[in-house]
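Asker: Need the 3D shape of this:
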Amino acid sequence: MYRIYNNNFFLITCLFLLSTWLFFYTLGDANFYHIRNESRRAEIVREMLEKGNWIVPTLEGEITLTKPPLFYWMVALCSLKSGVNEYTARIPSAVAGIGTILFTFLLGSFLFNRTIGFWSALMLMVTNIFMDQARSAEMESMLTFFITGSIYCFFKGYRESARAKIWFPLFFIMMGLGTITKGPFAITFPLIPIISYLCIYRDKKILKSSSFLFGILFFFIILLPWPLLILKTHPHFARVVLEETIGRVATGFAHQEPFYFYFKNLGTALFPWIFFLPFSIAIVFSTRLAPIRRENTFLLLWFLGNLLFLSLSKSKREFYLLPVTPGFALLMGATWEAFWEWAKGKITYPTLTIQRACFGVGVLLVGISYVIGNPFASNIPGTHFPHASPFLFLIGLNLLLIAAIKRFFPSLSTPTLSLTTLVVLTLVHYYLYFTYTIPIRNAYDSGKYFYLQVSTLLKPSEPLAHLASNENYTFSFYAHRPVITLKEPNQMYQFMSPPEKRYLVVTERAFKKAGSLPWKIKWRGEYSEHSSWGGYLLLCNQ
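Answerer: Model prediction:
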């Protein structure tokens with residue numbers, strides 16, 4: 001078994017092929033479900049291509065400078081031939097996800113050994129939030145790639161001083177590329193653990209070395225051209241940057257959540273490994289892990305230091321957690337074997353008794369999963385914890401497999417067996433979601449087909465509005481036209497009162513709540529992005 005772990009090319013090839021299949025399988029099948037997230041990015045890129053202006057992003061014709069352009073540029077390059085669609089909008093995230101898996105392996109191999117690097121990469125690959133974001137048209141996957149790459153380059157320069165003049169510039173280049181992907185998070189996420197680590201071990205002199213300081217030049221070479229171009233024509237850009245960075249952190253003017261928000265969401269984000277996290281933290285400084293204490297300290301700083309920073313920030317979103325997941329996966333991989341050794345020392349029952357207990361509990365959980373629901377109705381990856389039935393089925397089947405395999409192959413390593421079975425069964429759940437759940441969601445949890453129908457019913461010159469609390473960029477993207485957002489019910493009458501033909505879209509819930517509206521229903525859609533909304537209605541004033 002360990003001969004396999006000594007073959008670097010074989011391990012990298014396995015990780016590359018598996019992650020490529022995982023992140024690209026049915027990548028474009030899922031509609032843009034949420035009214036704002038993925039479709040906002042896709043709509044910006046479509047306007048970028050249509051106008052031929054790759055410098056100043058626009059959204060529904062309005063200049064939007066709240067995010068740097070690198071992600072948009074990558075999507076645009078992927079969309080040059082076919083135009084922007086669900087598949088091309090997600091390609092950069094999928095490619096970045098593969099790159100992060102490989103960087104995690106390389107970093108784990110460098111800090112520890114190839115076995116830990118491989119285990120950590122597999123763990124990261126099936127972590128719920130990582131899988132979700134690697135298949136989404138969002139910036140977090142690319143940001144995480146550059147953050148993980150920057151940390152890898154830093155450690156290469158830090159521990160291989162002879163080549164520091166190569167690795168430290170690469171460290172700053174990675175941070176620069178991350179900054180023009182999502183902003184200063186690309187700086188804070190690597191520097192919080194790096195500076196804390198150097199302070200703890202009294203090695204801050206590296207920050208004053210000529211090779212490190214020389215690398216800063218490359219950061220600014222990467223970062224400055226686009227902001228300087230924007231500032232020439234849009235002087236207010238400086239204010240936008242302050243609002244999107246200091247403003248979000250200090251005041252939380254958007255997406256304000258309590259301090260404990262991320263701790264509440266850790267279970268969902270880090271599934272299925274979250275159950276092992278308390279044990280990993282408990283043994284991370286044990287005597288059995290003393291030889292790798294410094295490395296584990298850094299991983300704790302990467303994970304917990306940034307978790308604390310995110311929690312102190314006023315503005316919070318679930319997917320902001322993504323850049324801590326490589327550090328989390330490496331921490332789990334580094335402590336995985338020690339955890340099972342610790343568990344073996346604590347459990348004094350005979351091996352056969354343990355196998356029988358695992359088998360019995362496994363059968364019980366699988367049976368319960370069938371009684372309470374459909375164990376194959378997977379709802380992960382996503383922003384929700386697995387439903388009870390598939391969750392119990394996953395745990396029960398995992399126990400059954402471990403008991404059965406250990407019964408017939410007792411020499412197999414328990415750490416390797418437990419990790420392999422959990423990874424494989426989680427992959428099966430993802431496969432079920434991509435293959436069977438997505439088509440169901442497309443039919444019943446999406447407004448795409450209504451939006452496409454609206455685009456065929458209306459002339460481009462006819463005004464169209466949507467009554468909603470937030471802008472619906474999914475509507476704009478699929479209907480391929482600007483959509484006016486009316487955030488108050490009384491605005492409907494003002495919009496529909498002119499004599500020219502005008503159209504208004506409302507949900508069935510809003511239509512019933514408004515009482516008797518004087519306009520004709522031109523088209524009725526059965527579904528929308530949320531079942532509580534009912535379907536969509538297209539109203540016309542003539």
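Asker: which other helices and strands contact the helix or strand where residue 10 lies?
Answerer: Assigned by DSSP states H and E, residue 10 belongs to helix 8-24. Secondary-structure packing of helix 8-24 (3 or more C-beta pairs under 8 Å, 6 or more residues apart in numbering; DSSP states H and E): helix 2-5, helix 86-111, helix 114-126, helix 128-134. Where C-beta positions appear, they are placed from N, C-alpha and C, glycine not excepted.
Asker: and of the ones you listed, who's closest to residue 417?
Answerer: Nearest to residue 417, of all the helices and strands packed on helix 8-24, is helix 114-126, at 12.2 Å by C-beta to C-beta.
Asker: wait, what's in contact with residue 179?
Answerer: Counting by C-beta atoms under 8 Å, 6 or more residues apart in numbering, residue 179 makes contact with 68, 186-187, 219, 222-223.
Asker: in the host helix or strand of residue 492, what counts as buried?
Answerer: Here residue 492, judged by DSSP H and E, is contained in helix 490-496. Within helix 490-496, the residues scored as buried using 16 or more other C-beta atoms under 10 Å are 492, 495-496.
Asker: do stretch 255-262 as well
Answerer: Buried residues in stretch 255-262, defined by neighbour count with 16+ other C-beta under 10 Å: 257, 261-262.
Asker: any idea which helix or strand comes after the strand or helix carrying residue 368?
Answerer: Using DSSP H and E, residue 368 sits in helix 351-372. Scanning forward in sequence from helix 351-372 by DSSP H and E, the next helix or strand is helix 388-408.
Asker: Now do the host helix or strand of residue 440, average pLDDT.
Answerer: Per DSSP H and E, residue 440 falls inside helix 438-444. Regarding helix 438-444, the rounded mean pLDDT is 90.
Asker: any idea how far the spatially most central residue of the chain is from residue 209?
Answerer: Geometric centre of the chain, nearest residue: residue 133, 2.6 Å, by C-alpha atoms, centre = their mean. Remark: distance between residue 133 and residue 209 (C-beta to C-beta, to the nearest Å) = 35 Å.
Asker: ditto for residue 330
Answerer: The gap separating residue 330 from residue 209 is 26 Å, by C-beta to C-beta.
Asker: same thing with residue 163?
Answerer: Distance of residue 163 to residue 209, computed by C-beta to C-beta: 13 Å.
Asker: From residue 373, how far out is residue 392?
Answerer: On the measure of C-beta to C-beta, residue 392 and residue 373 end up 9 Å apart.
Asker: So for those two, which sits in the more crowded spot?
Answerer: residue 392 (22 against 16; other C-beta atoms under 10 Å).
Asker: how close does the closest residue to the more buried one other than its chain neighbours get to residue 355?
Answerer: Excluding its sequence neighbours, the residue lying closest to residue 392 (C-beta to C-beta, 6 or more residues apart in numbering) is residue 369, at 4.1 Å. From residue 369 over to residue 355 the distance is 21 Å, taken as C-beta to C-beta.
Asker: Just want to know which of those two has more residues nearby.
Answerer: A direct count of neighbours by other C-beta under 10 Å for residue 369 and residue 355 places residue 369 higher, at 23 against 19.
Asker: Using TSV, please lay out the buried residues of stretch 255-262 together with pLDDT.
Answerer: As requested, the buried residues of stretch 255-262 are arranged in TSV below (pLDDT from 0 to 100):
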residue	pLDDT
257	91
261	95
262	95
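Asker: returning to that earlier point: list the helices and strands the helix holding residue 492 packs on?
Answerer: Looks like helix 490-496 contacts strand 464-467, strand 484-486, strand 503-507 (3+ C-beta pairs under 8 Å, 6+ apart).
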